[in-house]
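1. I'll drop the sequence and a predicted model, then ask my questions.
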Amino acid sequence: GENVEQHPSTLSVQEGDSAVIKCTYSDSASNYFPWYKQELGKRPQLIIDIRSNVGEKKDQRIAVTLNKTAKHFSLHITETQPEDSAVYFCAAFIQGYIPTFGRGTSLIVHP
Amino acid sequence: EAGVAQSPRYKIIEKRQSVAFWCNPISGHATLYWYQQILGQGPKLLIQFQNNGVVDDSQLPKDRFSAERLKGVDSTLKIQPAKLEDSAVYLCASSLVVGFQETQYFGPGTRLLVL
């Protein structure tokens, strides 16, 4: 089955700095890679996703990059704000429909 | 558009008791997922349905967990008997199936504590 490694487990930044979270996957059949934000006690919410035919995708302050050869993908958040503080999860979907999640990264943005 | 609904929101039981969770996906969503999220970890897929058929249940502990989606809409997940290590949040999610790689929408989850 798929194995998704996510790093770092905790990331602390100052407001306005950039944050980068990285995930690696093992199954070359994975072709869909979403990122979720989960605030304390709430449900995961999709913030951005990328499909294997695309190398990079951007949505305002958030971007995701994918390197299929190396089997890794990354979430980039620029100009971080305190409300970005949450746990972020990456996921890889085998053949687009069977998901495996990473263990999560706790992002803390200090004002 | 109404979101994914789950009930109950919280449940406390003693070990060896039984418990059932209910999920109502977004209207028209053919794919339904049940996840177990242990504190400090990412969601782990337990079972995935497309309409009323099982797509994947390889990580479902079938000796104690069962799930059904009889009419291809609502779903129930049951644990019988519960163990201490089953304490977790059980998340239901749904997605449209127009090809694959569809966005998942999560419900609020059921927080289970087994004493």
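-> The structure has been received and is ready for your questions.

2. near chain A, which residues of chain B show up?
-> B:31, B:33, B:40-45, B:48, B:55-56, B:58, B:91, B:99-109 (CB under 8 Å from any CB of the partner chain). For every residue, glycine as well, the C-beta is placed using N, CA and C.

3. what about 6 Å?
-> B:Gln41, B:Gly42, B:Pro43, B:Leu45, B:Asp56, B:Phe100, B:Gln101, B:Thr103, B:Phe106, B:Pro108 (CB under 6 Å from any CB of the partner chain).

4. quick one: which of those residues sit in strands?
-> Among the residues of chain B next to chain A, the members falling in strands (DSSP state E) are B:Leu45, B:Asp56, B:Phe106.

5. What is the burial count for the first one?
-> Translated: B:Leu45. For B:Leu45, the tally of surrounding residues (other CB atoms under 10 Å in any protein chain shown) stands at 23.

6. got the contact list for it?
-> A:Pro99, B:Tyr35, B:Gln59 (CB atoms under 6 Å, 6 or more residues apart in numbering or on different chains).

7. Just give me the closest of the ones in strands among the residues of chain B next to chain A to chain A.
-> Distance ranking of these against chain A, using CB to the nearest CB, places B:Phe106 first at 4.1 Å.

8. returning to that earlier point: from the ones in strands among the residues of chain B next to chain A, which is closest to B:Phe65?
-> The closest of these to B:Phe65 turns out to be B:Leu45 (CB to CB; 12.3 Å).

9. Quick check: pLDDT value at that closest one.
-> The score at B:Leu45 is 95. That number is its pLDDT.

10. and if you look at B:Gln101?
-> Value listed for B:Gln101 in the pLDDT field: 66.

11. Spatially central, which residue of chain B would that be?
-> Centroid check for chain B by CA atoms, centre = their mean gives B:Trp34 as the closest residue, at 2.8 Å.

12. doesn't B:Leu46 make contact with it?
-> Yes: using CB atoms under 6 Å, B:Trp34 makes contact with B:Leu46 at a distance of 4.5 Å.

13. Could you list the low-confidence segments of chain B?
-> Judged by pLDDT under 70, chain B has its weakly predicted residues at B:1, B:98-101.

14. Would you map the strands across it?
-> Under DSSP E, chain B gives strands at B:5-7, B:10-13, B:19-24, B:31-37, B:44-50, B:53-56, B:65-68, B:75-79, B:88-95, B:105-106, B:110-114.

15. thinking again about what came up before, write a ChimeraX command that selects only the buried members of the contacts of B:Leu45.
-> In ChimeraX, a selection of the buried entries from these looks like this (16 or more other CB atoms under 10 Å in any protein chain shown):
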select /A:99 /B:35
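
16. on that earlier part again, tell me the bridge partners for the residue nearest to the centre of chain B.
-> Using DSSP bridges, the bridge partners assigned to B:Trp34 are B:Ile47, B:Cys92.

17. Name every strand pairing with the helix or strand bottoming out on mean pLDDT in chain A and say which way it goes.
-> The helix or strand of chain A with the poorest confidence is strand A:98-101; it has a mean of 91 (mean pLDDT, DSSP states H and E). Sheet pairing of strand A:98-101 (DSSP bridges) gives strand A:86-94 (antiparallel).

18. what sits up against the strand it pairs with?
-> By CB under 6 Å, 6+ apart, the residues outside strand A:86-94 that reach it are A:2, A:4, A:6, A:21, A:23, A:25, A:27, A:29-30, A:32-39, A:99-102, A:104-107, B:42.
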